[in-house]
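A.B. asks: coordinates only, sequence not included:
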């Protein structure tokens, strides 16, 4: 199936939904959607030889094909218990819930929001007149502008363009300047009662006001494990000067789900940002993070852990643009791969000419637990400034035989020893989480997803 | 380090030391590339039918290909129909000794510092000098022949050992391999051929000296080295080229075949004309180099010092087929002024317990762009494969760039693959320390750069190591303020 045959249904989806997608109160939005669809039509999906999609085939992502659900379909019933099970945080934390891409107020818990914090449906905000959102919406990153605006549409941005064209709803999260939100908030994207392979395009906009502080947990999960669906999410994050933002994203959809997501973040001066990606489910997962560090003296952390078993495929794609001087970024991604799973890490640090005194560290470690597992890793540095310190490292290996032997000599069974060492491999990463409660919950979630230990 | 008080300004603006043109009549084919040209090249070299067929297949394949765009380099489009694909210095008769060589040619070698007599008498290095595209003199042949070693120009090998050439030509780099390899397969004019019989340890370092001469002539060498079981050979290659304003294309192919427990050590010092300080002129060096470790315990080691060329695009690779075979890659790449380099290696682990080591040192100065691009691939059956890669970059100046693009693909859980890379510049504290001990800033930089590259330079054979150290100093002249 050629890339263009794959693209056609999405263009049809847009033609069919075009009038329903109009938001009369936000007249600026429709031209943005039209432009996105024409970019997508021109570029098509990335082919096999696209450097940015080298290890993930779009045909595999799309499988038998996914279609948008026509508007007006009755919302599926979701039990409160199912929502509680999908949550990472405790019941008291503010929560916003989407089912099959549509906002569900009755399942959400928005009354507990502190002052100065907005957590609401982006679709509703745009319908109510989102003029103030326009300057924040579908904007190019400063780094991209510097590299040349007006470039022809790129195939590796096809999914992002599709999201802009087709999104119906998502989250608007805003914190007012100087607002220190101590308690984390939670977003749940659930899929339920999907009869035929459905494409869902969630769209998020997070604006962290100057000198404010926020923590957000975002989970993607399927309620019916066997259902085939495509999540194509796009998240834009603005971190204003002096702000601090911690973001945790967990993808644990069912074994038939495909998950493609792009996250674009701009960081203003003296801000701090930590973003986590935890991939535990889904048939094919591709998560892209583009971070543009646009103000001086920022701290940034990109952390990821991916656990894959069976035939699953997880592709982590990160790009950090150091545009401003005196910033510090570190990136740690760890993969645990078993059975016939494939893990991909492709991370690039691009240090622009004026970004002197940049300190960037990147590492990717992979643990292969079975014969059929594959790890592809591509840590890249592109550096145009001289007064910088950049390092990257990548490893692929298996559990250390000497360590296993040591543990067994101390009376642990082989299975116990393997499990202990696998946990230890992931442990370094969790130490990066300051909140002990969050650390424990996330650790529990990852440990529960580890492949059953036993003889290889 | 000896002449310490050099005038930096003067050095920075100095013209390319080896830039001169030798006036010799060249027997030249018309510009352009088509079947007729390929037939003409083949005819002139009185090649057997199978080789012409092979060239034509390569040409037909090449015509259907497009030039790759993935390398991280920029250059104006190349007009492949505006290149002269064959030019040979006129030869009056078959040469048996140096007296018969055109005196002008000899004078050129003199200027390059490789007087053949000197080489022959003093250094113990056998030199197969390629002047433009045809070998004009070969030394030490008799001595090597006693051991059964064949070391001659490629065209000569086609005539004298056609069965060996036919068996191995294209077996490591097929004519379909990539754009420039296909082009080379169609039009290659000459190169070197080397065959080491089983159990023979080649007693001397073999070397060739390439040089591009006639204006607007692309040079397309083909090198083939075959090492039979339990043999050993160390092969050196070094280049300088005269000054030119229009860019010259250089698309060579090197194939190495190491059989059971054979070892091939291939060293390169590359100093083609890099263009002037404004980036005008210079050689495009688009080379395909690959070695196959075909037997148990065979070993191929690549060492390169790349200081020249406007653009360097090459990835000396090892296919580790045999169990316990070893691949090594040691590289220093320097880019100054407007030079661009996209270089690295591929290590493909197929056999069990195969090992590879990659040490790459990139130095960028001026507006130079230096990219390391490497692939480490561990295939399913490669039990116990082991790789260690280290790529360090040093930046001198705020308008240059250093890039690292490693690709690691592992399909076997027993494999152990490590990659690490750092990018930094020379610390002011380091310079200060040297200054304070009475070492000038420029000497301090040379000292630190040489230290930075030590791991690679120490892999070079003695004669080359000295030359390479000087070359590093010369290449970086004017980059320190």
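C.D. replies: Structure's in. What do you need? This is a predicted model, so every value here is computed, not measured.

A.B. asks: now the helices: where do they sit in the chain?
C.D. replies: Just going to use chain A. Under the criterion DSSP state H, chain A contains helices at A:3-21, A:29-43, A:58-62, A:80-86, A:122-127, A:142-146, A:158-166, A:401-409, A:414-430, A:436-449.

A.B. asks: hmm, I had chain B in mind actually
C.D. replies: Under DSSP H, chain B gives helices at B:8-12, B:35-44, B:49-63, B:103-112, B:116-118, B:141-146, B:154-160, B:162-168, B:179-187, B:428-436, B:441-452, B:454-457, B:462-475.

A.B. asks: okay, the angle between the last one and helix B:441-452?
C.D. replies: For helix B:462-475 against helix B:441-452, the angle between stretch directions is 140 degrees (axes from the mean of the first three to the mean of the last three C-alpha atoms, to 10 degrees).

A.B. asks: contacting residues around helix B:462-475?
C.D. replies: Here helix B:462-475 makes contact (C-beta atoms under 8 Å, 6 or more residues apart in numbering or on different chains) with B:17, B:123, B:125, B:205, B:236, B:238, B:267, B:269, B:271, B:274, B:305, B:307-308, B:332, B:334, B:336, B:363, B:446, B:449-450, B:453, B:457-458, B:460. To be clear about C-beta, it is placed using only N, CA and C from the backbone, and glycine gets the same treatment.

A.B. asks: which among these count as buried?
C.D. replies: Among the contacts of helix B:462-475, those scoring as buried are B:125, B:205, B:236, B:238, B:267, B:269, B:271, B:274, B:305, B:307-308, B:332, B:334, B:336, B:363, B:446, B:449-450, B:453, B:457, B:460 (criterion: 16 or more other C-beta atoms under 10 Å in any protein chain shown).

A.B. asks: quick revisit: residue A:432 is nearest to which of the helices of chain B?
C.D. replies: Set against residue A:432 and scored by C-beta to C-beta, the helices of chain B come closest in helix B:428-436, at 30.8 Å.

A.B. asks: list of residues touching the closest one?
C.D. replies: If you take C-beta under 8 Å, 6+ apart as the criterion, helix B:428-436 is touched by B:441, B:443-445, B:447-448.

A.B. asks: neighbour-wise, which one of those residues leads?
C.D. replies: Among the contacts of helix B:428-436, the one with the most neighbours (other C-beta atoms under 10 Å in any protein chain shown) is residue B:445, at 23 neighbours.

A.B. asks: any idea how far chain A is from it?
C.D. replies: As judged by C-beta to the nearest C-beta, to the nearest Å, residue B:445 and chain A stand 13 Å apart.

A.B. asks: check residue B:159 too.
C.D. replies: Distance, residue B:159 to chain A, using C-beta to the nearest C-beta: 41 Å.

A.B. asks: likewise residue B:456?
C.D. replies: Per C-beta to the nearest C-beta, residue B:456 is found 19 Å from chain A.

A.B. asks: which residues touch the nearest residue to that residue once chain neighbours are set aside?
C.D. replies: Counting by C-beta to C-beta, 6 or more residues apart in numbering or on different chains, residue B:456 lies nearest to residue B:330, which is 4.3 Å off, once chain neighbours are set aside. With contact set as C-beta under 8 Å, 6+ apart, residue B:330 has these partners: B:301-304, B:359-360, B:455-456, B:459.

A.B. asks: give me the buried entries from the residues you listed.
C.D. replies: B:301-304, B:359-360, B:456, B:459.

A.B. asks: greatest separation within those: which pair is it?
C.D. replies: Farthest-apart pair in the buried ones among the contacts of residue B:330 is B:301 and B:360; separation 14.0 Å (C-beta to C-beta).

A.B. asks: which residues of chain A lie near chain B?
C.D. replies: For chain A, the contact set with chain B under C-beta under 8 Å from any C-beta of the partner chain comprises A:51, A:353, A:356, A:366, A:368-371, A:373-398, A:456.

A.B. asks: next, count neighbours for the nearest residue to residue A:227 once chain neighbours are set aside.
C.D. replies: Of all residues not flanking residue A:227 in the chain, residue A:194 sits nearest, at 4.3 Å (C-beta to C-beta, 6+ apart). Neighbourhood size, residue A:194 [other C-beta under 10 Å]: 22.

A.B. asks: what residues are up against residue B:314?
C.D. replies: Applying C-beta under 8 Å, 6+ apart, the residues near residue B:314 are B:285-289, B:343.

A.B. asks: for residue B:86, same thing?
C.D. replies: Residue B:86 touches B:28-29, B:37, B:40-41, B:44, B:133, B:187, B:189, counting by C-beta under 8 Å, 6+ apart.

A.B. asks: likewise for residue B:167?
C.D. replies: Going by C-beta under 8 Å, 6+ apart, residue B:167 touches no other residue.

A.B. asks: for stretch B:280-300, buried residues please.
C.D. replies: Under the neighbour-count criterion of 16+ other C-beta under 10 Å, stretch B:280-300 has B:281-300 buried.

A.B. asks: so which bits of chain B are right by chain A?
C.D. replies: So chain B meets chain A at B:70, B:72, B:378, B:380, B:393, B:395-425 (C-beta under 8 Å from any C-beta).

A.B. asks: generate a ChimeraX selection restricted to the buried subset of those residues.
C.D. replies: A single ChimeraX command selects the buried members of the residues of chain B next to chain A (16+ other C-beta under 10 Å):
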select /B:72,378,393,395,396,397,400,401,402,403,404,405,406,407,408,409,410,411,412,413,414,415,416,417,418,419,420,421,422,423,424,425
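
A.B. asks: just the ones in strands from the residues of chain B next to chain A, please.
C.D. replies: Among the residues of chain B next to chain A, the members found in strands (DSSP state E) are B:378, B:393, B:395-396, B:401-410, B:416-425.

A.B. asks: give me the pLDDT for residue 106.
C.D. replies: The chain I'm using is chain A. Looking at residue A:106, its pLDDT stands at 93.

A.B. asks: chain B is the one I meant
C.D. replies: Per-residue pLDDT puts residue B:106 at 57.
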